[in-house]
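Fold the following for me, if possible:
(one chain, ligands or ions: 1)
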Amino acid sequence: MERRKDWYEHPEYYEAIFGTDTVREADFLQELSRRFGTGGNQWLEPACGAGRLVEEAARRGLKVAGYDLSEAMLAHARKRLTPAERRRVKLSQARMEDFFDPALEGRVDLAHTLVSTFRYLDSEKAAVEHLTGTRRLLKPDGIYVLGFHLTDYARSGPEHERWVGQVGADKVVCNTHEGLPEQRLRRSPMRNRLRVTGPDKDWLIETTWYFRTYDEAQVKRLFRKSGLRVTATFDFDYDLDSPVGRGSPRLDRVFVLKPDTSSKA
Ligand SMILES: C[S@@+](CC[C@H](N)C(=O)[O-])C[C@H]1O[C@@H](n2cnc3c(N)ncnc32)[C@H](O)[C@@H]1O
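Alright, predicted model coming up:
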């Protein structure tokens, strides 16, 4: 077995696992934009990764700006676009903490960051910088759709999820562990193992990192501080007819955020 590090250096295997919900997510985002935003055609995807949602949005005729830290993920994103889609897409290498494009200022109809990617921002300062920076790019009626898991600090055991995917002849088994949250440091230790087996392959790609943690009160404070207000909340079922009610025990949340015009942030 060959050991490798960093799943984002292997976009095709990452997407075999996380690319399966793309059409449903794009449907959900478009409907959110119609109901809560402008329904307009300029989208932005911070940390767009290997571009599964960039491609899907461009296929639907939308204009998309996407950026990511990882050049390997961006290369995969560029490669997958047709020439016509490429004309509607602008991709760049940048960080969530400080991305800014003057051509997009006040012009974005919908920004989105799903699948807990926001939790890579490892401090309050970084999170506020990202949120205020993204708010600046939104139209006054634009929305930022942010999907991530809240943390139950009283949890007493680790969490584990397992998925199976396929890339050509290669089978991909993905195991993700979230360890116990370290409440004082506001982080959870994460570990992802991708086991890839095929005719000439037996790889274990192991990635470890920390995700920042938020409970309900912490996230509300953060949004307020960043000049954003929550317009609606859903969960990872992406069902527009089932918004998350007050005091829901579910921790997977999709926040629909709008610029708060009364905020001085
Ligand atoms: C879980 S993937 C999500 C990719 C894509 N949004 C999707 O839904 O498939 C997380 C991505 O975040 C990127 N990333 C992590 N920290 C980042 C940062 N500080 N700024 C920009 N990108 C970052 C990684 O390179 C990776 O491509």
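
Could you use CA atoms for every contact and neighbour count after this?
OK.

For this protein, which residues are neighbours of the ligand?
47-49, 52, 68-70, 73, 94-96, 113-115, 117, 120-121 (Cα under 6 Å from any ligand atom).

wait, what's in contact with Lys258?
Lys258 makes contact with Arg135, Pro140, Asp141, Gly142, Ile143, Tyr144, Leu228, Arg229, Val230, Thr231, according to Cα atoms under 8 Å, 6 or more residues apart in numbering.

Excluding sequence neighbours, find me the nearest residue to it.
The shortest distance from Lys258 to any non-neighbouring residue, by Cα to Cα, 6 or more residues apart in numbering, is to Ile143 (5.0 Å).

what's the answer for Glu71, then?
Nearest one to Glu71, counting by Cα to Cα, 6+ apart, is Gln93 at 6.8 Å.

wouldn't the one you found be in contact with Ser70 here?
Yes. Under the criterion of Cα atoms under 8 Å, Gln93 makes contact with Ser70 at 7.1 Å.

These two: which is more packed in?
More crowded of Gln93 and Ser70, by other Cα atoms under 10 Å: Ser70, with 18 against 14.

can you give me phi and psi for the more buried one?
Dihedral angles of Ser70 (phi, psi; degrees, to the nearest 10) stand at phi -90, psi 120.

What does Ser123 show for phi and psi?
Dihedral angles for Ser123 - degrees, to the nearest 10 - are phi -150, psi 160.

how about it, what does it touch?
Arg212.

ok, the stretch of helix or strand the residue nearest to Lys258 belongs to: who's next to it in the sheet?
In this assignment (DSSP states H and E), Ile143 forms part of strand 138-149. The pairing partners recorded for strand 138-149 under DSSP bridges are strand 108-113 (parallel), strand 252-259 (antiparallel).

For burial, what's the neighbour tally of the closest residue to Ile205 other than its chain neighbours?
Of all residues not flanking Ile205 in the chain, Arg4 sits nearest, at 4.5 Å (Cα to Cα, 6+ apart). A count of neighbours around Arg4, defined by other Cα under 10 Å, yields 15.

quick one: Arg4 and Val196 touch, right?
No. Applying Cα under 8 Å, one finds Arg4 not in contact with Val196, separated by 10.7 Å.

Could you tell me which residues touch both of those two?
Common neighbours of Arg4 and Val196 (Cα under 8 Å, 6+ apart) are Trp203, Leu204, Ile205.

Out of these, list just those in helices.
Per DSSP state H, helices hold no members of these.

Give the single residue among the residues you listed positioned nearest to the ligand.
Ile205 (15.0 Å; Cα to the nearest ligand atom).

measure the closest one to Arg86 for me?
31 Å (Cα to Cα, to the nearest Å).
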